[in-house]
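A.B. asks: One predicted model, sequence on top.
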Amino acid sequence: MRAPMLLTQELLCQPQHVLDEESPARLALTVRALLEATQTLPRDAAPRKPLQTLCSWLLAAGAGVGAVPGLRALQEALVATGDKPPAFAGSRDWVGTVEATICLDHLLGVPCKLVHIHEGRGLAAHVGALHAHFRGGGGPVMMGGGTDHGAKGVLGVCSEPPTHYLLVLDPHYWGGPGSLTRAGAQTMGWVGWWELGSFEPDSFYNLCLPQLRLGRAS
């Protein structure tokens with residue numbers, strides 16, 4: 001069986017190049033990825049998590065050494081910090097956006113800014129913060145929601161007033177290096193620009209913004 005692949009490392013070293021010419025282009029800011037080679041996740045990583053995408057980018061940026069942690073390692077980090085009971089390690093319980101901030105601080109020493117958005121229709125009020133994050137060289141952002149159950153990676157933001165878009169990554173692709181083309185990533189929905197109206201208006205959202213700037217913690 002092929003190892004799970006971190007999609008950002010295969011296709012998103014320059015995320016804007018994943019997109020076709022008709023994608024939003026004005027005032028677009030994206031992750032400045034630092035990787036040239038593809039790495040794989042440990043076998044216990046399934047299901048793949050946006051948090052592992054964040055870990056991958058941060059490791060490449062110089063925050064710590066070693067491999068991208070698997071799900072068990074992330075769960076054990078939450079047990080070690082006292083956030084979860086011992087039975088959490090090895091369970092099928094998820095690691096949410098709030099827990100992601102704890103994991104990144106404990107495992108990589110990277111503090112995170114946690115942004116709570118009361119409802120999806122209020123996302124526009126936080127576009128400025130995302131522009132500032134990516135303009136400063138910030139890495140991928142983890143995004144989780146309430147009734148919007150699929151956690152996502154946010155790799156960029158684009159504004160074409162009065163409309164705003166987020167460059168959204170679904171990190172759950174399973175396949176080896178070279179198994180997914182740029183066109184395939186877009187047509188199958190693994191990555192693409194999402195207009196803010198695409199998000200659930202009544203669901204709350206949490207954003208985890210790692211506070212690392214191109215190898216320098218802030």
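C.D. replies: Noted; the coordinates are in hand. All of these numbers come straight from a predicted model, not from anything done at the bench. Residues are numbered from 1 along each chain as shown.

A.B. asks: Pass me the low-pLDDT residue ranges in the chain, would you?
C.D. replies: Counting by pLDDT under 70, the chain contains low-confidence ranges at 1-48, 171-178, 180-183, 186, 213-218.

A.B. asks: Sketch out the strands for it, chain order is fine.
C.D. replies: According to DSSP state E, the chain carries its strands in the segments 29-30, 112-117, 141-145, 152-160, 163-169, 191-195, 205-210, 212-213, 216-217.

A.B. asks: so which of those strands is the most packed in?
C.D. replies: strand 141-145 (a mean of 25; mean count of other CB atoms under 10 Å). C-beta: built from backbone N, CA, C; applies to glycine.

A.B. asks: which other helices and strands contact that strand?
C.D. replies: Counting contacts by 3 or more CB pairs under 8 Å, 6 or more residues apart in numbering; DSSP states H and E, strand 141-145 is packed against helix 50-60, helix 97-108, strand 152-160, strand 205-210.

A.B. asks: Out of the ones you listed, the one nearest Val79 is which?
C.D. replies: Across the helices and strands packed on strand 141-145, Val79 has its closest neighbour in helix 97-108 (10.4 Å, CB to CB).

A.B. asks: Taking strand 112-117 as reference, get the angle to that closest one.
C.D. replies: Counting by axes from the mean of the first three to the mean of the last three CA atoms, to 10 degrees, helix 97-108 lies at 180 degrees to strand 112-117.

A.B. asks: Which of the residues in helix 97-108 are classified as buried?
C.D. replies: Under the neighbour-count criterion of 16 or more other CB atoms under 10 Å, helix 97-108 has 97, 99-108 buried.

A.B. asks: Output the strands of the chain as a markdown table; include the columns distance to Ala87.
C.D. replies: Listed next are these as a markdown table, based on distance: least, CB to CB, whole Å:
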| stretch | distance to Ala87 |
| --- | --- |
| strand 29-30 | 40 |
| strand 112-117 | 25 |
| strand 141-145 | 22 |
| strand 152-160 | 28 |
| strand 163-169 | 31 |
| strand 191-195 | 35 |
| strand 205-210 | 24 |
| strand 212-213 | 32 |
| strand 216-217 | 33 |
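
A.B. asks: Tell me how far Ala209 lies from Leu107.
C.D. replies: Let me fix one detail, which is that residue 209 is Leu and not Ala. Using CB to CB, to the nearest Å, we find Leu209 at a distance of 17 Å from Leu107.

A.B. asks: now swap in Gly64 and tell me
C.D. replies: 7 Å.

A.B. asks: Glu195 too?
C.D. replies: Separation of Glu195 from Leu107 (CB to CB): 34 Å.

A.B. asks: Could you do Ala185 as well?
C.D. replies: Ala185 is 28 Å from Leu107, where distance means CB to CB.

A.B. asks: cool, and Gly146?
C.D. replies: In terms of CB to CB, Gly146 sits 26 Å off from Leu107.

A.B. asks: try His133
C.D. replies: Using CB to CB, His133 is found at 21 Å from Leu107.

A.B. asks: swap in Ala124?
C.D. replies: 33 Å.

A.B. asks: repeat for Gly144
C.D. replies: 18 Å.

A.B. asks: now swap in Asp93 and tell me
C.D. replies: Applying CB to CB, the value for Asp93 to Leu107 is 18 Å.
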